[in-house]
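Participant: Provided below for reference: sequence and predicted model.
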Protein chains: 4
Amino acid sequence: MKESDKLQVHVLSEIQNLKVHGRTTEQRAPLTLFWTGSAIELQVTGSELWVEVESDYDIHEPWISILINGVPVSRQMVTAGRYWICIFRGMSEGTVKNVRIVKDVQAMSADPGCLLQFHALKSDGAFLPVEEKPYKIEFIGDSITSGEGAIGARAEEDWIPMWFSAIHNYTYMTAEAMNADYRVVSQSGWGVLTSWDNNPNNNIPDYYEQVCGLLTGENNQALGAGDPYDFESWQPDVVVINLGSNDGGAFQTPEWRDPVTGKVHKQRLNEDGSYHEEDLTAFENAVDRFLVKLRKNNPKAQLVWAYGMLGFPMMPAIYRAVDRYTKRTGDRGVSVLQLPDTTEETIGARTHPGELSHRRAAETLSEYLQGILA
Amino acid sequence: MKESDKLQVHVLSEIQNLKVHGRTTEQRAPLTLFWTGSAIELQVTGSELWVEVESDYDIHEPWISILINGVPVSRQMVTAGRYWICIFRGMSEGTVKNVRIVKDVQAMSADPGCLLQFHALKSDGAFLPVEEKPYKIEFIGDSITSGEGAIGARAEEDWIPMWFSAIHNYTYMTAEAMNADYRVVSQSGWGVLTSWDNNPNNNIPDYYEQVCGLLTGENNQALGAGDPYDFESWQPDVVVINLGSNDGGAFQTPEWRDPVTGKVHKQRLNEDGSYHEEDLTAFENAVDRFLVKLRKNNPKAQLVWAYGMLGFPMMPAIYRAVDRYTKRTGDRGVSVLQLPDTTEETIGARTHPGELSHRRAAETLSEYLQGILA
Amino acid sequence: MKESDKLQVHVLSEIQNLKVHGRTTEQRAPLTLFWTGSAIELQVTGSELWVEVESDYDIHEPWISILINGVPVSRQMVTAGRYWICIFRGMSEGTVKNVRIVKDVQAMSADPGCLLQFHALKSDGAFLPVEEKPYKIEFIGDSITSGEGAIGARAEEDWIPMWFSAIHNYTYMTAEAMNADYRVVSQSGWGVLTSWDNNPNNNIPDYYEQVCGLLTGENNQALGAGDPYDFESWQPDVVVINLGSNDGGAFQTPEWRDPVTGKVHKQRLNEDGSYHEEDLTAFENAVDRFLVKLRKNNPKAQLVWAYGMLGFPMMPAIYRAVDRYTKRTGDRGVSVLQLPDTTEETIGARTHPGELSHRRAAETLSEYLQGILA
Amino acid sequence: MKESDKLQVHVLSEIQNLKVHGRTTEQRAPLTLFWTGSAIELQVTGSELWVEVESDYDIHEPWISILINGVPVSRQMVTAGRYWICIFRGMSEGTVKNVRIVKDVQAMSADPGCLLQFHALKSDGAFLPVEEKPYKIEFIGDSITSGEGAIGARAEEDWIPMWFSAIHNYTYMTAEAMNADYRVVSQSGWGVLTSWDNNPNNNIPDYYEQVCGLLTGENNQALGAGDPYDFESWQPDVVVINLGSNDGGAFQTPEWRDPVTGKVHKQRLNEDGSYHEEDLTAFENAVDRFLVKLRKNNPKAQLVWAYGMLGFPMMPAIYRAVDRYTKRTGDRGVSVLQLPDTTEETIGARTHPGELSHRRAAETLSEYLQGILA
C-alpha cells in the first residue's frame, strides 16, 4: 500500500472528537457497528485518511458507504479480514473535511458471524470537534427501514447485502432534511407481534431495550449486543416507528411451528379474506405494549407511527391501538402518519421501495416532523 | 478472505466472452484500462465473482465503479497493489448477471506511474456472450467529458480522482439513452490547440491516433499506450467532440513558456477584451485539422462538435471552422450542437458540471443523435 | 356578433347526444348546472359552436371553463343575462371535436340568486354520441373539493368565485387519471357535523339525498334543487369523501348561536388543547350516520374517506368512526386514505391547496383507487 | 349586466397611470392592441373593474388573457362588437390589484379586418402608478414567438387563434424570470428573407420600423399600423431575434410565384439535399441587413439571435452572417444562442412547441440574458 510517510495511527479509543452514530456499547477498542446507518463521523484536516476495519461473516458480508462533506462518494463490500481502507488521499492539508463512514447494511439476525468493527484511523491531520445537530431521531422498522431493495435493478431477487442501502433511505434523507442526528433499529421481515412468516420470536419490541439484542451467537454477546441499551445517553426528540408491514403479511403466509415446543402460530384470515378479529387484537395489543415501552424509555419524545410505504392494510388496527393507548394513558405525544405508498414508478429491487419511494416518504415525514417539532 | 470453495480462477486472456470497453491494446494478460469509462463487461452465472486488479500510481490513484444489471452498486478507490476485489457473492447460481467494472477516472497524463489492470476473474459460474449494442459512440473531450466535479460537494477544490466520475457523466448517460457502446478520449485541461494554460503540447488531436498516447513514462510505453490505435477494430457511428472550453480559457490565462526551448505561447486578447484574430484563426485551423484527422480515421461516422456546458465563447469560431472544413471538403457529416450551459442549480464540485448538468446535456445530445441516426 | 350563416340553433332538450355531468334534474329547457365540475359534453363536427347561457346572482357570479379535446382553452366569468358565448369558430367542418363546458364554481349556498343555465347550442355541425367512461366517481367535500384557492396568487384573500377552480382540482385530475366520469357535491366551510364556525345546519349529509338541497331561495326550489336525487340514474364505483377539515376547525372557532332559537353550538377544546371527548364523539357519530346514508344510496360503491390536504387532526376520529361502522355493519367496502398535506411549496390562494397540492392528492388518490378497483 | 352602482367610467386617454405594453400609436381613444403580448396594466383599488373592448375581424377573432396579481385567471375569445367585459368584482375595495389584460393572439397579416381595441375602464377604485421594470426586452419571431400551438391538444391541426398563446410562451416566461417589460414583433410563417412558402414579401425586417406594418387594409392604415415606430420611446436592453425556422422551411417547399409580376422565388436544394449556396447567401445577407437595421434603431441593446426550438438547420448560416456583420462593423453586442429543440415530450398543438418546450426555452434564454446583462 502506498501512503504518505507522515501518517500517524490513532486507535479510536484515543480520538477525542470521534462522533459515533448508532446504538453500540462504550467499547472503542475496537468499535463495533451493529445497525444500518451506524457510523463514525469526523472533522478532519490533513491530506490523507485511512480506517482500519475488521469484518467477518458466515453468510452476509458488511458494506460501507463513505460520505465526504455530506456527499456519498464511495460504497463498497467489506470482505472478511482486518485491514486498512483508504478514505481519501491527496487532499489539501489545511482544509477541514467532514467524513462519515457508514454501515450500509442492517444487523444480521440470521448470521451470528456477521461483524463490522473499526479499530483505528491513520492520518496526517487533526481531529476537530464534530457539530451536534439540533435534533435527534430514532427510526424503528423492518426491511423498508433497512433500505432493502433501495439500490439495485428491479429484477433483483436475491436476499443479499448488496441490495440494502442506509443512504438511499428515508431515514438518512429525513435526518438530512431535519438537520438531525439519527439512529436506526430495524430488521427485515420482523414486525411488532410476529415476522412475515408468523414467527412470534421475530418481533422488534422484545429487543428494543438492548444494544442490538436480536443478534445471536457468542461473539455478539461478548461484544455487548445483548447488553441493556443506555437510553439516557441519547434521548431522541422523535421516535419514528415504521412497523406493521410484516404483521400484515403474516395473515397471508403459512403458520409457523416452533421447532422446540412444536407450538404453532398463525395470524388468521376469515373466510371472506378479512383479518381474524382475535389475531388483529393480538397485534393491537402488541402495538399498545410497544408504545408503553417506548414511552418508558423515551419520556420526552414524540412517538410517530409512520406506515404505508408497502400498502397500509394494518392502518385501522394501528389507529385503534394508538387510540386505546392514548385514552388509557392520557399520553398525547403519539401520532400516526401515513407514508406515500410505493408505485410502479417508485419501486426498487426485490419489490421493495426504491430510492424515489424513499425520497417521497422522507418529504412527507420531514414535513410532518417539522410541524410537530416547531 | 472468505470465499466459496467452488471458485475457479480464469485469467482474462482465456475468457471467450469477455467484452472490453475503451481503447486499449490487444493485451489481456493483464488487461490495462487507460481511459475513463473503460471497462470489462460480463454475462455471468454463479453465486460469486471476484476480479484480480493491479493498481499503481505516484500521485493519482484509480477508482472503479461496479454495475450489476445496469445499476451502479459500488464505487471504490483502488489502492496500490495486486489483489482480489469481490464483485458479488451469495447470488443465485443459475441466474445470469450483467456485470460492468468501470474505470471511473481519466487517463492521468500528469502521473506516469498511474496504472489500472485486471488480471483474472474468479467465479463458480460461466461466462456467456455479451450483447452487441446497435450503436457505437466515441466521445472526445476535456475535464467535462472526464466527469471532473460530477461527484462531490460544491465546496470541493482539490484536483483528485475522487471527484471524477465516468457514471455521473453525460457520456455514460447518452450511451444508455441511445443503447450504445461507447469509448472516451479525454483529458482535463486540454484543448484542440492548447491547454487552458496555453501549453500547445497539451492538445488532444496530437494523440488521437494512438491508444492512449498522452500518457508518459516508460511503463506506459511498454504497455502500448503509444501504439497506433486500430481504428478499424471499432468504427463508431458517431464521434462527439466536446472540446473548446480550454482553448477559450487560454485567452484568459498567462503565457506558457516552453521549459526546453524557452519559446512562449499565448492566445491573446485585444484591448477591448475580444479574442485576437490571429490566435482565433490558429484555433480554427486546429479544429479544421482535427476534423480532417477524425474523418480520415472514422470514414462513416457522423462528427458532432457538441460544446457549451461551461459557456460557449468559442462557438462562433467552431462554426467558422466547421464551415470552412465542410465547404472545402464537401463532407456533410459534420455538425455543431450547443449543449445546455451549467447553472447555479446544476453545478457540481470544482465549479464543474454536476450530475444534473450532465443529465441535461445527455438529454439534449441523445435527442439530437437519435435525429441524425434515424 | 359575427357568425357563420350556416348555423342552426338546437335547444338542449332536442340534442340526442348531449352528455350532462353533475347532479341536476331531468330538465333540459334550460339545463341548470348546480355543482362545480358540472358540465355538458359533446362530440361535435362543424366549424363553429356557440352556447346560449343564462346567468344571474346577487353576490357570486358563475364562471365556466371550456375544454376542447380534453385541454382547457378558456375560462371566463359569466356575467348576468341570457346570451350566446362562442365556444369555437373557424375549425375544420369534418373533424369531430370533444367539447366540455364546465361550471368552474361551487353551488353557492350563501347566494340564493346564483344561477347558471344552458339553453341552446348553435352550430353548423352534428352532435355525435359521447363515450361512456369505464368508471364513475362521486366526490363529496368542502372548500378543498370546491377548488377554493386552486387558482390565483398566494396573496389573495377575498372570498370570490374567481379563486375557485373545477379544473386545477384533484377531482378533475383523479377522474382524468382513472378515465372516469365524475360528480362533485361540495361546499366551502361545511363539514360532516358542523361548518367551520360551529353551525350544525351547514353539514353535507343533511343534503346528500337531494339534487342540490343546500341551495336556498324560491328560484332554486322551483328549479328542483331540493328534489330527491335519483341515485339509481348514476351509480358510482367509488364515493370519495373528503370531509373533516371544517369539523376540525370548529374546535378552534367561537360558538355559533342559532338566530331563531338562540341555541348555541360549540365543538369544545379541553384545557390542554385536546378535543372534548363528547364533541368528538358527536363528530364520529355524524361520520357513522353519513356512511350509513352513503351505503344506502350507493350499494355497490367503494366508500373512501380521503382526508389530509390541510392537515389531519381528525384522522383518529375518522378511523374510529369507520371502524365502528364497519364492525357494526360488516360492510367491508369502506376505507380511509390520508392525502398529502399541503406545504409551503404547494399552497395556493387563500391559504388553500394550490394546483400542485391538488396534483399530488390526485396522484395518491388515483394510485389508491386503481388498487381497489383492479 | 349587474354591476356596482358606484362605478365610474374612465376613458383610457384620461387614465394617468395606465401602462401600455406592446408597440402601438399614441392614440388612446381608443387604444389599439396590435401584437401578441400587447396589454394594458393597472394598479387599481376598488371592488370591481370592467373594460370596454371593441373587436372585429373577417376571419380570425382576437382572444385576451387576464392576469390578476401576476396569475392568469381568465382567457377568452373576444367576439365582434363593442361591449364591456368584467375583469373582477366582489373584491376588497381598499387593496391594490395588479391587472394585466393581454392580447393573446398575434397581429393577423392575413385578416385586414382583425381589430382589438380598448375604449374605457369602469371601476369604483383608483388607478395608482404601475412599477417600471428594471429591464426591457424586445422579441422578434415567427409562429414560435407567436405561441402557435402552445395551447391545445396535440391532435389539433386547424390554424385558428384559439391555439395561440402569449402566456404559455417563452417571451412571457423569460420576461417574468428577468423581471422585464417586453414587446413582441412576430408573425407565423414569416422569416428573415422569405416566408415558409418562399414569398419574399413576408419577411419581418421590411416591417420592423413601423408600428405594425405587416397589417393590411385601410382600417389598419388609419389606425397607424403603418406609421413609423418611435424607437426612442422604448429602448430595449435586449433584442431577441428568433427567426430562421421559416427561412429553413422555404428550402423544402414549392416555389412562390408573384401574382402580379409573375416572378418566381424559390430557395433551392442541391441534388444531395444540401442548401443551394447562392440562396443560402441570400439568407445570410438578409440576416446581416437586419442586424444593421436592428442596431440602427436599438443603439445600446444586446442583439441575441436565439434559434433552435424547431430544429436548427440554419444555424451555420446564422453564425456566418453574424460573423460577417461583426467583423465588418466591429459591433460586439451581437450573439447567437441555441434554444432547446422541441421533443416528443414537449411538443404542443399543430406540431409546434408546447408549453413545456416554451418553458425550457425560457430557462435557457433567461439564464443567458442574466449572464450578458450582469
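Facilitator: Arrived safely.
Participant: rest of the way, CA atoms for contacts and neighbours
Facilitator: Noted.
Participant: in which helix or strand would I find the residue of the stretch 251-374 of chain A found nearest chain D?
Facilitator: In the stretch 251-374 of chain A, the residue that lies nearest chain D is residue A:345 (17.6 Å; CA to the nearest CA). Assigned by DSSP states H and E, residue A:345 belongs to no helix or strand.
Participant: can you tell me which residues contact it?
Facilitator: Residues in contact with residue A:345 (CA atoms under 8 Å, 6 or more residues apart in numbering or on different chains): none are found.
Participant: where's it relative to chain C, distance?
Facilitator: To chain C, residue A:345 is 11 Å away according to CA to the nearest CA, to the nearest Å.
Participant: ditto for residue A:133
Facilitator: As judged by CA to the nearest CA, residue A:133 and chain C stand 24 Å apart.
Participant: Not counting its neighbours along the chain, what's nearest residue A:51?
Facilitator: Of all residues not flanking residue A:51 in the chain, residue A:121 sits nearest, at 4.5 Å (CA to CA, 6 or more residues apart in numbering or on different chains).
Participant: residues of the longest helix along chain A that come out buried?
Facilitator: Scanning chain A for the longest helix, with DSSP state H as the assignment, gives helix A:277-297. By neighbour count on 16 or more other CA atoms under 10 Å in any protein chain shown, the buried set for helix A:277-297 is A:279-280, A:283-291, A:293-295, A:297.
Participant: Stretch A:338-355 too?
Facilitator: A:338-343, A:346-355.
Participant: And for stretch A:244-260?
Facilitator: A:244-252, A:255-256.
Participant: Repeat that for stretch A:188-201.
Facilitator: A:188-200.
Participant: what residues are up against the residue in the stretch 101-250 of chain A that chain D sits nearest to?
Facilitator: Nearest residue of the stretch 101-250 of chain A to chain D: residue A:154, at 24.9 Å (CA to the nearest CA). Neighbouring residues of residue A:154 by CA under 8 Å, 6+ apart: A:347-351.
Participant: Which two of those residues have the greatest separation?
Facilitator: Within those, two members stand farthest from each other by CA to CA: A:347 and A:350, at 8.8 Å.
Participant: neighbours of the residue lying closest to residue A:124 once chain neighbours are set aside, just the number please.
Facilitator: Leaving aside its sequence neighbours, residue A:124 sits nearest to residue A:7 (CA to CA, 6+ apart; 4.5 Å). By the criterion of other CA atoms under 10 Å in any protein chain shown, residue A:7 has 17 neighbours.
Participant: any idea which element residue A:221 lies in?
Facilitator: Here residue A:221 is assigned to helix A:218-222, by DSSP H and E.
Participant: which parts of that helix are buried?
Facilitator: residue A:220.
Participant: Now the element after it, going C-ward?
Facilitator: Next along the chain after helix A:218-222, taking DSSP H and E as the criterion, comes strand A:238-242.
Participant: Could you spell out the sheet neighbours of that next one, each with its direction?
Facilitator: strand A:135-141 (parallel), strand A:302-307 (parallel) (DSSP bridges).
Participant: nearest to residue A:33, of those strands?
Facilitator: strand A:135-141 (16.0 Å).
Participant: what mean pLDDT does that closest one have?
Facilitator: Across strand A:135-141, pLDDT averages out at 98.
Participant: Just the residues contacting it, thanks.
Facilitator: So strand A:135-141 is in contact with A:145, A:171, A:175, A:178-187, A:191, A:204, A:235-243, going by CA under 8 Å, 6+ apart.
Participant: which residue does the stretch 51-200 of chain A bring closest to chain C?
Facilitator: residue A:177 (14.4 Å).
Participant: Now do the same for the residue nearest to that residue when sequence neighbours are not counted: helix, strand or coil?
Facilitator: Once flanking residues are discounted, residue A:177 sits nearest to residue A:366: 6.5 Å by CA to CA, 6+ apart. Following DSSP: H, G, I helix; E, B strand; the rest coil, we place residue A:366 in the helix state.
Participant: cool, the one 5 residues further on as well?
Facilitator: Secondary structure, three-state DSSP: residue A:371 is helix.
Participant: Verify the stated contact: residue A:152 with residue A:163.
Facilitator: Yes: counting by CA atoms under 8 Å, residue A:163 is a contact partner of residue A:152 at 5.6 Å.
Participant: Which of the buried residues of helix A:277-297 lies at the shortest distance from residue B:315?
Facilitator: residue A:294 (64.3 Å).
Participant: what's the closest one in contact with, if anything?
Facilitator: residue A:303.
Participant: Look up the pLDDT of it for me, please.
Facilitator: At residue A:294, pLDDT is 98.
Participant: same thing with the one 3 residues further on?
Facilitator: pLDDT, the model's per-residue confidence, is 98 for residue A:297.
Participant: What of residue A:4?
Facilitator: At residue A:4, pLDDT is 87.
Participant: Surely it is in contact with residue A:50?
Facilitator: No: in this structure, residue A:4 is not within contact of residue A:50 by CA under 8 Å, at 10.7 Å.
Participant: if you count what's nearby, which of the two comes out ahead?
Facilitator: Per other CA under 10 Å, whichever of residue A:4 and residue A:50 has more neighbours is residue A:50, with 20 against 14.
Participant: tell me which element the more buried one falls in.
Facilitator: Using DSSP H and E, residue A:50 falls in strand A:49-56.
Participant: Break chain A down into its domains, please.
Facilitator: Here the domain parsing of chain A from automatic domain parsing is A:8-128, A:135-373.
Participant: what pLDDT, on average, does the shortest one get?
Facilitator: The one in question is domain A:8-128. 98.
Participant: now the end-to-end length of that domain.
Facilitator: With CA to CA, to the nearest Å as the measure, domain A:8-128 spans 16 Å from end to end.
Participant: Tell me which of the buried residues of stretch A:338-355 fall in strands.
Facilitator: residue A:338 (DSSP state E).
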